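Visitor: pasted the sequence and its predicted model underneath.
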Amino acid sequence: MKHVAMTLAAAAALAATPALADKKDGTVRFAYDQVLENIDPFFNNVRLGVMMTQHVWDTLIYRDPVTNEYKPYLATAWKWLDDRTLELELRQGIKFHNGEEFDADDVVYTLNYVSDPANKATAQQNISWIEKAEKVEKFKVRIRARRNFPAAIEYLASAIPIHPNEYYAKAGPKGMNEKPVGSGPFKVTEHVVGKIIRLERNADYWKGSPKSVPNVARVEIRMIPDRQTQVAEMLSGGLDLIMNVPVEQAQQLKAAPHLSVTSGGTMRIVFVLFNAGENAPNPALKDVRVRRAIAHAIDKETMAKQLVGEGVRVINSICFPAQFGCTDEGVPRYAYDPAKAKALLAEAGFANGIDLEFFGYRERQQTEAMVNYLRAVGVRANLKFMQYAAMRDQHRGNKVPASHQTWGSFNIMDTSASTSAYFKGIDDDMIKDPEIVALLQKGDTTVDPAVRKDAYKKALTLISERAYAVPLYALTTYYVLNKDLDFKAHADEMPRFWEMKWK
Amino acid sequence: MLTYALKRLGLALLVALLVSAAAFLLLRLSGDPALAIAGEGAREEDIAMVRRTYGLDRPLVVQYLEWLARTLAGDLGQSLYFKTDVAALVADKLPTTFQIGGLAILFALALSIPLGVLAAVHAGTWVDRLALTVAVAGQALPNFFFALVLIMVFSIWLRWLPVSGSGSWAHFVMPTIALGYYVTPPLMRLVRAGMIEVLASDYIRTARAKGLSTTSVVFKHGLRNALIPVVALTAVQLGFLLGGSIVIETIFALDGLGYLAYQSITHKDFPVTQAVLLLLSVVYVLLTLAADLFNALLDPRMRLAR
């Protein structure tokens, strides 16, 4: 397939003629490779769903994508009444796309509906913390969490939009999918599942919103599952923007005169995870020196530069740097040093090396690079490449000694969504180090930000000291766009159509 | 003839049943659907809830029998991913696929019959070899690759045709060619072989001896007889086409059954995969059955063969 890509790209360089941009009616044409099963943000688990949340709906709180500061949005102010109760003042004068007025009833209905397990919301990871929401006044609500949950603010900002209660009560998730109604900067004019979503600028979008009234009049989002087809559409002028373009293809598309290529960060971190638990499937990994040897064996700087590309961010702790609580200050680092790796292995009694099954599930060339680095120091890594669900199954079945993992934190800017997923003693944590579990527990459930930060820092330091994982880098994504489109990539892998304009 | 027809029908039903059972089993062997449905990083309790909700915690045989009973009663169940009726979902996508399948088979016939006849009439000459080259190329090129070559030439270089989608007739040109070309070689070879055999037979010699024109000999007397096996093969190839449309629909972003199958496989949406497989196998079985019966009708010797 790669060769085909190259052929196509070469064809572009040779034959490209200026694209016919659809500028007269201001439509931006975008393609995505995954089908959104239901556009209702609570009933899908797809990245495009996260994008739709931010375009069609408003959330209670806004997180500035540059400073990561929380700002008023549908809520004008909020405060914790106790460790589990958050009180929010709501904005007045907001109207949904169908004319319904926004008030406390919308918040209460939406949150209570989606957090009720009987309604089978898909995005449980975003809402299962909600116990209930109550109306205090017409423009004041209280949200009660099931447990101490300081990250609630982040979830309210990134993953929990508010539906109009009267419409939602009538239409339900099914009706919301067919005819979505929100209060955001775009209205949905057409949604054919698996085919197309058409958005139109919400000209009445409220002034003063942290998101602006869109410049482009319309957005057309087509589902095109095949990457080569997306590229061909870009080359022939049938699309204005695609994302997640593989690095080598992006480099070649730069040659097409009507296209430009830009890269942006993603929150997806890449790391090697060890199983060093009591019943570790490979007992050699119980020795910290072996784990440190592996950490020294991998040249992540070179991998980042060669295999990930422009804008890559090397990480030194097992979280995304912009997440609340994430830090690499004072966290031990392992520089690339094959000689030291060999020495550490010898010191641990493995002068002749060890055999190791090494698992991976995506970005295979990166997994293969790691395997080669390991072999170079005498760790005879044997690659096992499989689907994500299968690998997770094996991992939880205590059969994976070491693996190439990636984690996107569901775009939640809080360390409770990253480090804790792997080291808090639950599900994917096969090590269950009690000290680290306790620290993460504290970080995840304490309301005081300073205490949280301190707990996460200590946990991250211990994880690195004990070399339970080797943090590598955060992935980047390449966007290919019509060069007349004014577009800015953000660190969270989300194109913002309300910011775009035609040059 | 009736006994023969009933026998074939019984056999066809058995095949459909076996396919459905094999598909059910293979889908489950390919991984726990609950894990896939629960998504990345799902908690154990979420996965357990999914298992309970969808009845995945029951024995496989029970799940299969229940599915079979419901299917026979006309209820294909709910899509796990799209959360809608499977029957409605499939019915919605069916026309697109049948449209491309029909167009592709017409294209294949329009290409293979003249080529096959030409090759047979000029057997052993450069015309034959050229026709053979065309056929071999069709067989050797994977259809996804051929599709991309078409896109490159007609959409990027020449800009005559849209790359993907299904908005107009122009959108169907490349999928038809890509899919149709794929089944051209076997059809063409059969036409050629049949024609060579027929043209060497006694009655053709007689026809020639009577002084009939070449056109009349080749088309009226020859082709008619050579086409009988082609009818059977066309039916079988149409079944192949429906399978091949998974790739072609995915490449051209056509919202048909093949694309639905692709999505349902990636999302482990097994009620949908199961329904699509059942439908494809039933269509395949029915086409084969129709071909058998048609052949038997034309050639009484076939009825006695078993």
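Guide: That came through fine.
Visitor: tell me how far residue A:299 lies from chain B.
Guide: 28 Å (C-beta to the nearest C-beta, to the nearest Å). C-beta here means a position set from N, CA and C on the backbone, and glycine is covered the same way.
Visitor: show the contacting residues for that residue.
Guide: A:336, A:373 (C-beta atoms under 8 Å, 6 or more residues apart in numbering or on different chains).
Visitor: and the closest residue to chain B within the stretch 51-200 of chain A, how many residues sit next to it?
Guide: Distances between the stretch 51-200 of chain A and chain B by C-beta to the nearest C-beta are smallest at residue A:195, namely 4.8 Å. When counting by other C-beta atoms under 10 Å in any protein chain shown, one arrives at 17 neighbours for residue A:195.
Visitor: wouldn't it be in contact with residue A:222 here?
Guide: Yes - the pair residue A:195 / residue A:222 is scored as a contact, 7.2 Å apart, by C-beta atoms under 8 Å.
Visitor: bridging residues for residue A:471?
Guide: Beta-bridge pairing for residue A:471 (DSSP bridges): residue A:271.
Visitor: sorry, back to before: phi, psi for the residue of the stretch 51-200 of chain A closest to chain B please.
Guide: When read as degrees, to the nearest 10, the backbone of residue A:195 gives phi -130, psi -60.
Visitor: same check on residue B:290?
Guide: Torsion angles, degrees, to the nearest 10, at residue B:290: phi -60, psi -40.
Visitor: could the C-alpha coordinates of stretch A:436-448 be exported in CSV?
Guide: Taking Å, rounded to 0.1, in the frame of the first residue of the first chain, the C-alpha atoms of stretch A:436-448 are listed here in CSV:
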residue,chain,number,x,y,z
ILE,A,436,2.1,4.2,43.7
VAL,A,437,-1.5,3.0,43.9
ALA,A,438,-1.9,5.1,47.2
LEU,A,439,-0.4,8.2,45.7
LEU,A,440,-2.5,8.0,42.5
GLN,A,441,-5.6,7.4,44.6
LYS,A,442,-4.8,10.6,46.6
GLY,A,443,-4.2,12.5,43.4
ASP,A,444,-7.4,11.4,41.8
THR,A,445,-9.7,12.1,44.8
THR,A,446,-8.3,15.2,46.6
VAL,A,447,-9.9,18.5,45.7
ASP,A,448,-6.9,20.7,46.7
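Visitor: do it and chain B meet?
Guide: No - applying C-beta under 8 Å from any C-beta of the partner chain, one finds stretch A:436-448 separated from chain B by no less than 13.9 Å.
Visitor: average model confidence for that stretch?
Guide: For stretch A:436-448, mean pLDDT is 94.
Visitor: for residue A:50, what are its contacts?
Guide: Shown in contact with residue A:50 (C-beta under 8 Å, 6+ apart): A:41, A:158, A:159, A:411, A:494.
Visitor: stretch A:388-407 and chain B, any residue contact?
Guide: Yes - counting by C-beta under 8 Å from any C-beta, contacts between stretch A:388-407 and chain B involve A:388, A:389, A:390, A:392, A:393, A:396, A:407.
Visitor: pLDDT score for the residue of the stretch 1-150 of chain A found nearest chain B?
Guide: The nearest approach of the stretch 1-150 of chain A to chain B comes at residue A:45, 4.4 Å away (C-beta to the nearest C-beta). In this model, residue A:45 is scored at 78, pLDDT.
Visitor: and what about it, helix, strand or coil?
Guide: Look at residue A:45: counting by DSSP: H, G, I helix; E, B strand; the rest coil, its state is coil.
Visitor: my read: it touches residue A:124, true?
Guide: No - here residue A:45 lies out of contact with residue A:124, judged by C-beta under 8 Å, at a distance of 9.3 Å.
Visitor: hang on, the earlier thing: tell me the pLDDT of the nearest residue to the residue of the stretch 51-200 of chain A closest to chain B once chain neighbours are set aside.
Guide: Nearest residue to residue A:195 in three dimensions, chain neighbours excluded: residue B:255, at 4.8 Å (C-beta to C-beta, 6 or more residues apart in numbering or on different chains). Residue B:255 is assigned a pLDDT of 86 by the prediction.
Visitor: since we're on residue B:255, how many residues are nearby?
Guide: Neighbourhood size, residue B:255 [other C-beta under 10 Å]: 21.
Visitor: show me the contacts for it.
Guide: Contacts of residue B:255 (C-beta under 8 Å, 6+ apart): A:192, A:194, A:195, B:93, B:96, B:166, B:249.
Visitor: which helix or which strand is home to it?
Guide: For residue B:255, there is no helix or strand it lies in under DSSP states H and E.
Visitor: ramachandran coordinates for it?
Guide: phi -90, psi 70.
Visitor: what distance do you get for it to residue A:210?
Guide: The gap separating residue B:255 from residue A:210 is 36 Å, by C-beta to C-beta, to the nearest Å.
Visitor: what's the answer for residue A:260, then?
Guide: Residue A:260 is 27 Å from residue A:210, by C-beta to C-beta.
Visitor: neighbour count: those two, which is higher?
Guide: Taking neighbours as other C-beta under 10 Å, residue A:260 and residue A:210 compare with residue A:260 leading, 16 against 13.
Visitor: okay, now the unreliable bits of the stretch 1-150 of chain A?
Guide: A:1-25 (pLDDT under 70).
Visitor: what segments of it are helices?
Guide: Assigned by DSSP state H, counting those that start in this stretch, the helices in the stretch 1-150 of chain A fall at A:2-15, A:47-56, A:104-115, A:124-127.
Visitor: same check, this time on the stretch 301-450 of chain A
Guide: Using DSSP H, counting those that start in this stretch, the helices of the stretch 301-450 of chain A run over residues A:338-347, A:364-376, A:388-396, A:419-423, A:434-445, A:449-465.
Visitor: isn't residue A:501 up against residue A:212?
Guide: No - Residue A:501 sits out of contact with residue A:212 when judged by C-beta under 8 Å, with a separation of 10.4 Å.
Visitor: phi first, then psi, for residue 121.
Guide: Went with chain A since none was named. phi -60, psi 140.
Visitor: hm, I was asking about chain B
Guide: With angles defined as degrees, to the nearest 10, residue B:121 sits at phi -60, psi -40.
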